[in-house]
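> Make a model of this:
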Amino acid sequence: MSRWLAFLPIVALVALGGLFYFYALQRSDSKYQPQTLVGRMVPDVSLPTLAEGQPVHIRTAAAEGPMVVNFFASWCAPCEIEHPVLMGLKGSGVRVVGIAYKDAPPNTQAFLTRLGNPFTTALVDRDGRAGVEFGVTGVPETYVIGRDGKVLAKHTGPLTEVEAAKLAKLAR
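Down below sits the predicted model:
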């Protein structure tokens, strides 16, 4: 009997490992994306603009028309990969609002100067508060906000041309 008790911690460890493995499979599945905000009102946040520091209220900005909101950062390699796709959205007339997530404004400005500015408005979320309100899990992350202030779609990770085209249809 005591021999079986010696194996009990090993069995528990293997079971726990199996649970973690199952959870990791769920999280790494590209189809699994937390969509908690979709269909709900955009969070009630105001952020300063990158250029002048004037506050912009996201819900009020949405009333001006549908928009794509993109959380990005100068330190984010996937954001740099996604950047040409955002430039294409801007070129096709989509209103793109950028939110620099946990980034120093001088670094954000240098990033946009180097790659071009795809944003109608660039906002600063220095402490990540707005990211928490939106439920950002990492950058880049993109949302489509309707004129009524409701979140129409969410995309986690760098946008491809195909995904950007789908979001652009919603943002028109």
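
> Pop out the phi and psi values for residue 119.
Reported as degrees, to the nearest 10, the phi and psi values for residue 119 are phi -100, psi 130.

> Please name the nearest non-neighbouring residue to it.
By the measure of Cβ to Cβ, 6 or more residues apart in numbering, the closest residue to residue 119 outside its immediate chain neighbours is residue 98, 3.7 Å from it. C-beta here means a position set from N, CA and C on the backbone, and glycine is covered the same way.

> Quick check: end-to-end length of stretch 39-57?
Using Cα to Cα, to the nearest Å, the span of stretch 39-57 from its first residue to its last is 19 Å.

> What residues sit buried inside it?
42, 43, 45, 47, 50, 56 (16 or more other Cβ atoms under 10 Å).

> could you dump the residues you listed to JSON lines with distance to residue 134 and pLDDT?
As requested, the buried residues of stretch 39-57 are exported to JSON lines (distance: Cβ to Cβ, whole Å; pLDDT from 0 to 100):
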{"residue": "42", "distance to residue 134": "8", "pLDDT": "94"}
{"residue": "43", "distance to residue 134": "6", "pLDDT": "93"}
{"residue": "45", "distance to residue 134": "8", "pLDDT": "95"}
{"residue": "47", "distance to residue 134": "11", "pLDDT": "97"}
{"residue": "50", "distance to residue 134": "18", "pLDDT": "97"}
{"residue": "56", "distance to residue 134": "15", "pLDDT": "95"}
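
> of all these, which comes closest to residue 116?
The shortest separation between residue 116 and any of the buried residues of stretch 39-57 is 14.2 Å, and it belongs to residue 50 (by Cβ to Cβ).

> domain ranges for this structure?
Per the record's domain assignment (automatic domain parsing), the chain is made up of the domains 1-32, 46-170.

> out of the ones you listed, deepest packed?
Neighbour counts (mean count of other Cβ atoms under 10 Å) averaged over each of the domains of the chain peak at domain 46-170, with a mean of 18.

> okay, how far is it across it, tip to tip?
Domain 46-170 has an end-to-end distance of 23 Å (Cα to Cα).

> Just give me the residue closest to the centre of this structure.
Centrality entry for the chain: nearest residue to the mean C-alpha point is residue 141, 1.8 Å, by Cα atoms, centre = their mean.

> Please tell me how far it sits from residue 47.
Applying Cβ to Cβ, to the nearest Å, the value for residue 141 to residue 47 is 15 Å.

> And for residue 11?
Summarising the geometry, the distance separating residue 11 from residue 47, computed by Cβ to Cβ, is 51 Å.
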